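>>> build me a structure from this.
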Amino acid sequence: MVLRLYGSAMSTSRVLVTIPEKELPYYERIFVDIAEGEQKTNEFKKLQPFGKVPVLEDDGSFMFESRAICRYLAKKACARFEEACSIEQNHFAIAAETIGTELIIKP
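Next comes the predicted model:
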């Protein structure tokens, strides 16, 4: 999965801080020249109909507004925590509980 971030240097700054902070996987940065009005072209409006930047593409879904993108990325990173908890709960906790019962509670 590759995240694609479309925008100018200024429009993407908040998101560019969030991506490494959340230790998200590789992302591709695509420069959009807003001084030349590139965000208003028909081609770009296929990604974002209002011609706004930044735009984040994640697995075929597109979103805009830097704060909304940052919230989305924070939730996405949080899912990794849930995965780790699930692995711990389903694989480690059962064995640890059994060992604890046999060594500490039963004697």
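>>> where along this structure do the strands fall?
In the chain, the segments counted as strands under DSSP state E are 3-7, 27-31, 55-58, 61-64.
>>> where are the low-confidence patches of this structure?
Low-confidence segments of the chain, defined by pLDDT under 70: 1, 79-85, 88.
>>> if we ignore the residues flanking it in sequence, what's nearest the most centrally placed residue in it?
Centroid check for the chain by CA atoms, centre = their mean gives residue 73 as the closest residue, at 3.1 Å. Using CB to CB, 6 or more residues apart in numbering and skipping residues adjacent in sequence, the residue nearest residue 73 is residue 18, 5.2 Å away. (C-beta placed from N, C-alpha, C; glycine too.)
>>> wait, what's in contact with that neighbour?
69-70, 73-74 (CB atoms under 8 Å, 6 or more residues apart in numbering).
>>> tally of neighbours for the residue nearest to residue 54 when sequence neighbours are not counted?
Leaving aside its sequence neighbours, residue 54 sits nearest to residue 7 (CB to CB, 6+ apart; 3.4 Å). A count of nearby residues for residue 7, using other CB atoms under 10 Å, gives 25.
>>> my guess is residue 47 meets residue 55, correct?
Yes. If you go by CB atoms under 8 Å, residue 47 and residue 55 touch, sitting 5.4 Å apart.
>>> find residues that contact each of the two.
6, 62.
>>> which one of these two is surrounded by more residues?
Between residue 47 and residue 55, residue 55 has the larger neighbour count (other CB under 10 Å), namely 25 against 18.
>>> surely the residue nearest to residue 54 meets residue 55?
Yes. In terms of CB under 8 Å, residue 7 counts as a neighbour of residue 55; the distance is 6.7 Å.
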